[in-house]
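Q: quick check, what structure comes out for this input:
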Amino acid sequence: MDLTLANVLTAGGAVATAALITGLIEIFKKLLPIIGARKWEPWLAFVFSLVIVVLAFASSATTQTLETAFWAFLAWYGIATISMGIHDQVTSVRSTG
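A: The predicted model follows:
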């Protein structure tokens, strides 16, 4: 299997990228506690997913059209939503458990 940045724009790549972003945010929270204190996690998920999708779209071998841009938008939306959802689930388990 060839792993390229363009794989982010696939359904499986979006799910894997969401998990990666969630993990990265948790690492950054440990290094910079202000992230958790100010509840910046959703914003970081939004920004990280946007940056990764823009890079994947730019590096993709296909011709960029409105249709491929829409696929990139859907990938960004999915990644951001999933990574924010994972964070919400984890924090709700921590607060109730």
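Q: what's the helix or strand of the chain with the lowest mean pLDDT packed up against?
A: Least confident element among the helices and strands of the chain, by mean pLDDT, DSSP states H and E: helix 66-96 (a mean of 84). With contacts defined as 3 or more Cβ pairs under 8 Å, 6 or more residues apart in numbering; DSSP states H and E, helix 66-96 has these neighbours: helix 11-31, helix 41-59. For the C-beta atoms, the positions are set from N, CA and C on the backbone; glycine is no exception.
Q: any chance of the ones you listed in a markdown table, plus distance to residue 89 and mean neighbour count?
A: Converted to a markdown table, these look like this (distance: least, Cβ to Cβ, whole Å; neighbours: other Cβ atoms under 10 Å):
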| stretch | distance to residue 89 | mean neighbour count |
| --- | --- | --- |
| helix 11-31 | 10 | 16 |
| helix 41-59 | 12 | 17 |
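Q: for residue 74, find the nearest of those helices.
A: helix 11-31 (8.4 Å; Cβ to Cβ).
Q: show residues contacting the closest one.
A: Helix 11-31 is contacted by residues 7-8, 35-36, 41, 44-45, 48-49, 52, 56, 75, 78-80, 82-83, 86-87, 90 when judged by Cβ atoms under 8 Å, 6 or more residues apart in numbering.
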